[in-house]
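Visitor: Sequence and predicted structure are below.
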Amino acid sequence: MVKVRAAAALTVGVVLAAGGAARAATDAYRERLDAAAARLAASAARPEAAAALADLAGLDENVPPASLEAALRPAVARAAHPLVAAQAALLLAHLADERGDGQAAEALRRPLGFLTHAFVVGPFGEGRASFATAFPPEKEAAPPALDRRYPGKGHEVRWRPGDDAVRDGALLLDGLLRPDDQAVAYVLAFVRSDADRAAALRLGSPGPIRVWVNGQPVFSRDVVRPAAPDQDAAGVRLGRGWNRILIKTVVVDGAWRLYARLTDPAGRPLPFANPAGLPPGGAAWAKPRRAGPAASLDDLLARRARRAGQAGPAAAAAWSDLARFLGWLAPRDRDEQAASAAARRALAARPDFDGWVLTADVADTDDERRRALESALAAEPPGSPAQRALVLVRLAELARADRREARAAAQLAGDARLGRHGRRRRAAPGGRAAPGELAGGGARAAPGAAAGRAPV
């Protein structure tokens, strides 16, 4: 490995000095695009097509948008798997937004069944520690009076419309509530169905989540992750008339947003209405009903990987697909490190160049990523020249990041010594203060930092 590292460093220097890094990266990304597009076109009707979508999503900033859009189109064809088609539609909507075509983006999102009209109350409690605490909104058997006030976190709270905080299918709770970390909130949506029907409520959340439909608990999961669409699936039963969906959402840190959409149990579009405002007076409320199961892409891909076993090309492919998907939408708890665990199982089944690169892609630390990339360079059979060059560029980027961190650590150590001695170091020759020091002693203030406050 030492020889690989030395060879990598030497080759990186040659590539960069020759100005070939950009060309190599462009060629490598084009190869990745072509390979993922071919896999997606061949597998669009099956759940494993989500792995090709994950690869394409990772190329968003590295290939021309028109090329990416063309690669995604087969996944929204009529024959595509409905859960794959939904994710492809969201990617295409993002590209439409990027080129300024909001109407096209909305046309892609509208059939997906997102709940875009809801009421919100919070914050309550202390984040994950309060997931088991039943705050007043979840104790109310009937639809709540929306003008009722509750004791919240640091101040009184009441229900408020969340419609204006919906963006791209997500309800941005951190745009409505303060504080917006280590907290609990409730989201209430009213849905009208013209018939009694089985459905799936597909959810994405940054933390623990619990759901009631018409007062009956239907889903609960204690998990911390970044929110993304369709991370979970809850089987529900909509009754004829008005149904109330109550969601308890918890945030620990990061962006607080909630995705919720209704489909049929397989993921296909479902007829329902989710109008703005309250149901009319005298509305017919549906009764709680027992629901059947609903599967998520995580469920389907994990089931396929387990069936594939531990050895051979089929096992390597199945575990690789699961790793790509988990690294993309992150449906499991972040402490599980599920994507890297699946990549290791793929690598055990087939230790090749692509397996090591995937392991680097989903690694949880820079050290793990570096070791995987170095192993990729030593793998047999080797990757294409463009792919190997991209690995070298990535190793160079990690090396540069290490140097920045080393400089920052040295600066912090110097600041600590300065604070310990209570005075600045001796001026540099010529009477000038050393870099980063003021003539009057102490560290230089960060640009924009207010007097008396530490820079953020």
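Guide: Looks like it arrived, so ask away.

Visitor: residue ranges with poor pLDDT in the stretch 351-456 of the chain?
Guide: Where the stretch 351-456 of the chain drops to pLDDT under 70, the residues are 408, 411-412, 414-456.

Visitor: brain fart, the stretch 1-150 of the chain
Guide: 1-22.

Visitor: what does the stretch 201-350 of the chain give?
Guide: Using pLDDT under 70, nothing in the stretch 201-350 of the chain is flagged.

Visitor: Now that Ala401 has come up, it's in contact with Asp367, right?
Guide: No: using Cβ atoms under 8 Å, Ala401 makes no contact with Asp367, being 11.4 Å away. (Glycine included, C-beta is placed from N, CA and C.)

Visitor: contacting residues for Ala343?
Guide: Taking Cβ atoms under 8 Å, 6 or more residues apart in numbering, we find Ala343 in contact with 319-320, 323, 327, 355, 358-359, 361-362.

Visitor: Let me fix that, I meant to ask about Thr133.
Guide: 124-125, 184.

Visitor: Could you rerun that using 6 Å?
Guide: By Cβ atoms under 6 Å, 6 or more residues apart in numbering, the contact set of Thr133 is Gly125.

Visitor: Just the element for it, please.
Guide: Per DSSP states H and E, Thr133 falls between elements, in no helix or strand.

Visitor: Ok, Ala25 next?
Guide: Going by DSSP H and E, Ala25 is in helix 21-43.

Visitor: And the helices in the chain, which stretches?
Guide: 2-17, 21-43, 49-57, 65-72, 82-98, 102-109, 297-308, 313-329, 338-349, 353-361, 366-378, 385-421 (DSSP state H).

Visitor: Out of those, which gets nearest to Asp180?
Guide: helix 313-329 (22.4 Å; Cβ to Cβ).

Visitor: Buried residues of that closest one, list them for me.
Guide: Neighbour counts over helix 313-329 (16 or more other Cβ atoms under 10 Å) mark 315-329 as buried.

Visitor: residues contacting Asp354?
Guide: Asp354 makes no contacts at all, as judged by Cβ under 6 Å, 6+ apart.

Visitor: Go through the helices of the chain and name the closest to Ala283.
Guide: Comparing the helices of the chain by Cβ to Cβ, helix 102-109 comes nearest, at 27.4 Å.

Visitor: Need the residues that contact that closest one.
Guide: With Cβ under 6 Å, 6+ apart, helix 102-109 has contacts from 89, 92-93, 96-97, 169.

Visitor: Switch these over to CSV; also include neighbour count.
Guide: Below are these laid out as CSV (neighbours: other Cβ atoms under 10 Å):
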residue, neighbour count
Ala89, 21
Leu92, 21
Ala93, 22
Ala96, 20
Asp97, 17
Gly169, 22
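
Visitor: Rebuild these as a markdown table, extending it with distance to Tyr29.
Guide: Output for the contacts of helix 102-109, formatted as a markdown table (distance: Cβ to Cβ, whole Å):
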| residue | distance to Tyr29 |
| --- | --- |
| Ala89 | 23 |
| Leu92 | 19 |
| Ala93 | 22 |
| Ala96 | 21 |
| Asp97 | 22 |
| Gly169 | 28 |
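
Visitor: Nearest to Gly175 among the residues you listed?
Guide: Of all the contacts of helix 102-109, Gly175 sits closest to Gly169, with 14.5 Å by Cβ to Cβ.

Visitor: I'd say that closest one and Gly113 touch.
Guide: No: counting by Cβ atoms under 6 Å, Gly169 stays clear of Gly113, with 9.5 Å between them.

Visitor: just the buried residues of helix 313-329 now: which is nearest Pro271?
Guide: Leu329 (26.5 Å).

Visitor: Send me the helix holding Ala25 as PDB with only the CA atoms.
Guide: What follows is helix 21-43, C-alpha atoms only, in PDB (Å, rounded to 0.1, in the frame of the first residue of the first chain):
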ATOM      1  CA  ALA A  21      -7.000  16.400 -14.700                       C
ATOM      2  CA  ALA A  22     -10.000  18.300 -16.100                       C
ATOM      3  CA  ARG A  23      -9.900  16.200 -19.300                       C
ATOM      4  CA  ALA A  24      -9.600  12.900 -17.400                       C
ATOM      5  CA  ALA A  25     -12.400  13.800 -15.100                       C
ATOM      6  CA  THR A  26     -14.600  14.800 -18.000                       C
ATOM      7  CA  ASP A  27     -13.900  11.500 -19.700                       C
ATOM      8  CA  ALA A  28     -14.500   9.500 -16.500                       C
ATOM      9  CA  TYR A  29     -17.800  11.300 -15.800                       C
ATOM     10  CA  ARG A  30     -18.900  10.600 -19.400                       C
ATOM     11  CA  GLU A  31     -18.200   6.900 -18.900                       C
ATOM     12  CA  ARG A  32     -20.100   6.900 -15.700                       C
ATOM     13  CA  LEU A  33     -23.100   8.600 -17.400                       C
ATOM     14  CA  ASP A  34     -23.100   6.200 -20.300                       C
ATOM     15  CA  ALA A  35     -22.900   3.200 -18.000                       C
ATOM     16  CA  ALA A  36     -25.600   4.400 -15.600                       C
ATOM     17  CA  ALA A  37     -27.900   5.400 -18.500                       C
ATOM     18  CA  ALA A  38     -27.500   1.900 -20.000                       C
ATOM     19  CA  ARG A  39     -28.300   0.200 -16.700                       C
ATOM     20  CA  LEU A  40     -31.300   2.400 -16.100                       C
ATOM     21  CA  ALA A  41     -32.700   1.800 -19.600                       C
ATOM     22  CA  ALA A  42     -32.300  -2.000 -19.100                       C
ATOM     23  CA  SER A  43     -33.700  -2.200 -15.600                       C
END
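
Visitor: Please report how far the closest residue in space to Gln216 that isn't next to it in sequence lies from Arg407.
Guide: Sequence neighbours aside, Pro288 is the residue nearest to Gln216 in space, at 3.7 Å (criterion: Cβ to Cβ, 6 or more residues apart in numbering). Pro288 sits 61 Å away from Arg407, going by Cβ to Cβ, to the nearest Å.
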